[in-house]
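In: Let me see the structure of the following:
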Amino acid sequence: SIGKFALGLGLTRPESKFFRLMVLFWQSHEPETKEKNLREMIRFKQVQDLRPLLQDQFDYFSKWYHPVVRELVTSKNFDGSPEWISQQLQPKVSVAQVKQSLGLLARLKLIEPTDLGAKWQQTTSLVSSGAEPHQHILTTYHQNLLKIIQAQILKIPQAQRDVSALTLGISKKRIPQIKKRIQAFRQEILQMVSEDLHAEDVVLLGIQLLPMTKKPSKGKANE
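Out: Residues are numbered from 1 along each chain as shown. Got it, this is the predicted structure:
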């Protein structure tokens, strides 16, 4: 019935296409389909005119290595070249991808050229996603991070990593309490590392709190 609604609303052809993408985005339950529809919506000229950085924000959260590149530019050993950054990254990221990442970070004003112009520097030591990015964009970003963790966990020596998990039986009221503790811990870590102006290593700190049980359906408490 999308076409009938578009006709009834008197939408133009481009508006009808955008309306279709919007409906498909909200009704889809497949992450890949939602991401595809969201990307197409962002490409519309009207969206670009109103929110010119939205595509860059989407791209920033679509790749795991953009935040890592941002941290590497503060390294004392950074010679200013994309080739150096490419050599440091694991899993492997090409020089061309690093160049694109640097351009993206510059457009988002997350890095800027130094006074000498040969290198980059961070515009601020701390970055938070805040409330700006769409929830689906952040979900996709977290999915990508989990894939990287899964791929790297067997490649990195145990002495260089710390992976742990707790399986807890808790009351419902504990979940918001635990979330607040995790959020406070993240802020404490961010404040601590904000004093490290020259990165020697870039690490990924992942903290996951996920419910592993379903809510019982009404009338089916025994299932």
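In: ok, then the element right after the worst-scoring helix or strand of the chain on mean pLDDT?
Out: Using mean pLDDT, DSSP states H and E, helix 45-50 stands out as the lowest-scoring helix or strand of the chain, at a mean of 58. Where DSSP states H and E defines the elements, the next helix or strand beyond helix 45-50 is helix 54-62.
In: Show me what that next one is packed up against.
Out: helix 31-42, helix 45-50, helix 65-72, helix 95-107, helix 135-152 (3 or more Cβ pairs under 8 Å, 6 or more residues apart in numbering; DSSP states H and E). Yep, even glycine has a C-beta here, placed from its N, CA and C like the rest.
In: Work out the gap between that helix and the centre of the chain.
Out: 8 Å (Cα atoms, centre = their mean, to the nearest Å).
In: Give the rounded mean pLDDT of it.
Out: Mean pLDDT, helix 54-62: 75.
In: What angle do helix 95-107 and that helix make with each other?
Out: 130 degrees (axes from the mean of the first three to the mean of the last three Cα atoms, to 10 degrees).
In: got a list of contacts for the helix of greatest length in the chain?
Out: As assigned by DSSP state H, the longest helix anywhere in the chain is helix 174-193. Here helix 174-193 makes contact (Cβ atoms under 8 Å, 6 or more residues apart in numbering) with Leu126, Ile170, Leu205, Ile207, Leu209, Pro211.
In: I'd like these laid out as CSV, including secondary structure, neighbour count and pLDDT.
Out: As requested, those are exported to CSV (DSSP: H, G, I helix; E, B strand; the rest coil; neighbours: other Cβ atoms under 10 Å; pLDDT from 0 to 100):
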residue, secondary structure, neighbour count, pLDDT
Leu126, coil, 10, 64
Ile170, coil, 10, 86
Leu205, coil, 10, 84
Ile207, coil, 9, 81
Leu209, coil, 11, 77
Pro211, coil, 9, 73
